[in-house]
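K.L.:
give me a model of this one.
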Amino acid sequence: MSGISPVGAARTSVLSSGSPGTIGDQARAILHAVLESPGLADQVKLRLRVLVAEHESCPEMALLEHLRELRATRDH
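P.N.:
Numbering: from 1, shown residues only. You can find the predicted model right below:
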């Protein structure tokens, strides 16, 4: 078994995008920017990495879940 955790693997997956232009590629670019930005709390970044690991083949779903969670947190 590899020494890379699912969260680490997800981060690697997010950072390596395929050909530009697909929704998945656009989501990967957004996720990369969010994860690299200094303005987001470490706890939020960790949760986002978990979402990316859960939706490894569909990064747009990870992004959607992240945005839904942010909205739910904001609305409560």
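K.L.:
hang on, residue 60 packs against residue 29?
P.N.:
No - between residue 60 and residue 29 there is no contact under CB atoms under 8 Å: 11.2 Å. Glycine gets a C-beta too; all of them are placed from N, C-alpha and C.
K.L.:
more neighbours, these two?
P.N.:
The neighbour comparison of residue 60 against residue 29 (other CB atoms under 10 Å) goes to residue 60, with 17 against 14.
K.L.:
list the contacts of that one.
P.N.:
With contact set as CB atoms under 8 Å, 6 or more residues apart in numbering, residue 60 has these partners: 23-24, 26-27.
K.L.:
biggest helix in this structure, by residue count?
P.N.:
Scanning the chain for the longest helix, with DSSP state H as the assignment, gives helix 59-75.
K.L.:
quick one: buried residues of that one?
P.N.:
Neighbour counts over helix 59-75 (16 or more other CB atoms under 10 Å) mark 59-63, 65-66 as buried.
K.L.:
just the mean pLDDT for that helix, thanks.
P.N.:
The average pLDDT within helix 59-75 is 93.
K.L.:
how many other residues sit next to the residue lying closest to residue 60 once chain neighbours are set aside?
P.N.:
The spatially closest residue to residue 60, leaving aside those adjacent along the chain, is residue 27, at 4.0 Å (CB to CB, 6 or more residues apart in numbering). Neighbours of residue 27 under the rule other CB under 10 Å: 22.
K.L.:
by contact count, what packs against the helix or strand where residue 27 lies?
P.N.:
Secondary structure assignment for residue 27, by DSSP states H and E: helix 23-36. Applying 3 or more CB pairs under 8 Å, 6 or more residues apart in numbering; DSSP states H and E, one finds that helix 23-36 contacts helix 6-15, helix 42-54, helix 59-75.
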